[in-house]
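Q: build the 3D model from these lines:
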Amino acid sequence: MNFKTGDKVVVISGKDKGKEGKIISVLRKENRVVVEGINMVKKHVKGNGQQAGSINDIEAPIHASNVMIKDPKTNKPTRIGHSVNKDGKKIRVTKKSNSSLD
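A: This next block holds a predicted model:
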């Protein structure tokens with residue numbers, strides 16, 4: 001998976017199609033990402049002696065194939081490629097504008 005925490009992404013399919021957000025966490029084993037403000041679900045929290053119960057909105061994971069990275073130059077969804085820089089380090093680059101993501 002080519003995503004990292006903090007990447008700006010665009011949802012390309014599902015109920016939140018077209019929305020943009022920042023990746024909060026990456027679940028590599030499940031091939032899913034949690035995006036800020038996307039795929040909101042209700043979580044019921046049982047109350048205890050000190051606080052009352054409540055219904056909270058939280059972000060649920062979304063499959064990585066349903067999001068695309070946002071190109072920093074063109075602000076459009078793009079795929080991610082890999083390249084080697086001058087120091088010999090492997091970096092992520094966007095396919096549309098060939099700009100570095102790292």
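
Q: hey, let's count contacts and neighbours off CA atoms from now on
A: OK.

Q: pretty sure residue 70 is touching residue 78, no?
A: Yes. With contact defined as CA atoms under 8 Å, residue 70 counts as touching residue 78 (6.1 Å).

Q: who's more crowded, those two?
A: Counted by other CA atoms under 10 Å, residue 70 and residue 78 do not tie: residue 70 has more neighbours, with 23 against 20.

Q: OK, contacts around that one?
A: Contacts here follow CA atoms under 8 Å, 6 or more residues apart in numbering; on that basis residue 70 touches 8, 9, 10, 76, 77, 78.

Q: residue 4 too?
A: 23, 25, 26.

Q: skipping its backbone neighbours, what lies nearest the last one in space?
A: Spelled out, that is residue 26. In space, and not counting its chain neighbours, residue 26 is closest to residue 33: 4.6 Å by CA to CA, 6 or more residues apart in numbering.

Q: send the alpha carbons of the longest strand that the chain contains over as CSV?
A: Ranked by residue count and defined by DSSP state E, the top strand of the chain is strand 20-27. Provided in CSV are the C-alpha atoms of strand 20-27 (Å, rounded to 0.1, in the frame of the first residue of the first chain):
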residue,chain,number,x,y,z
GLU,A,20,-11.5,15.0,0.5
GLY,A,21,-9.7,14.5,3.7
LYS,A,22,-6.5,13.6,5.4
ILE,A,23,-5.5,10.1,6.4
ILE,A,24,-5.6,9.6,10.2
SER,A,25,-4.3,6.0,10.3
VAL,A,26,-3.3,3.2,7.9
LEU,A,27,-4.3,-0.4,8.5
